[in-house]
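>>> Predicted model and sequence follow; I will ask about them next.
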Amino acid sequence: MPKSSSKSKTEAASATKKNGKRQREVLVVQCPSDFPTFDPSFRQNNKNRLLDRQKEQQQKQQEKKERRKKDKFLDWHDTVKEIHSYGATAFQGTQKRSHQDEEYEKLTGRQKKHHKVPLK
């Protein structure tokens, strides 16, 4: 048996000499399994990740609250839109229809088609 192993070593050496290239070293990478592991360290890492996420979310919420406290001013455009839409609820007849046409044109960029109604 030792003779065969010595032959394989010499054959490998001769193969590298023939090509003139050195053989590459192969790195073995171990992939995680598809099934979850139930190691205590794995659980602890997951708990740490969850705690980190919760802390980040709390920080974001606090930042939003602080921004709201700083920005107590009303947005002019939003306020005007709200007042205009509230006032438009009282429109009647042709005024209501023209307002609906304007809103449709703002949303789509096209004019609304008017269906022709025959006169009696």
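Cool, the structure landed.
>>> Every contact and neighbour count from this point should use C-alpha atoms.
Will do.
>>> Show me the contact partners of stretch 63-80.
In this structure, no residues lie in contact with stretch 63-80 by CA atoms under 8 Å, 6 or more residues apart in numbering.
>>> CA atoms only for the helix or strand where Glu102 lies, dumped as CSV, please.
For Glu102, the host element (DSSP states H and E) is helix 94-108. Only the C-alpha atoms of helix 94-108 are listed here, as CSV (Å, rounded to 0.1, in the frame of the first residue of the first chain):
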residue,chain,number,x,y,z
THR,A,94,-73.4,73.3,-13.0
GLN,A,95,-70.9,74.6,-10.3
LYS,A,96,-70.6,71.1,-8.9
ARG,A,97,-70.1,69.6,-12.3
SER,A,98,-67.5,72.1,-13.3
HIS,A,99,-65.6,71.5,-10.0
GLN,A,100,-65.7,67.7,-10.7
ASP,A,101,-64.3,68.4,-14.2
GLU,A,102,-61.5,70.5,-12.8
GLU,A,103,-60.6,67.8,-10.3
TYR,A,104,-60.6,65.1,-13.0
GLU,A,105,-58.4,67.3,-15.2
LYS,A,106,-55.9,67.8,-12.3
LEU,A,107,-55.7,64.1,-11.6
THR,A,108,-55.5,62.8,-15.2
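>>> got the buried residues for that helix?
The neighbour-count criterion (16 or more other CA atoms under 10 Å) identifies Asp101 as the buried residues of helix 94-108.
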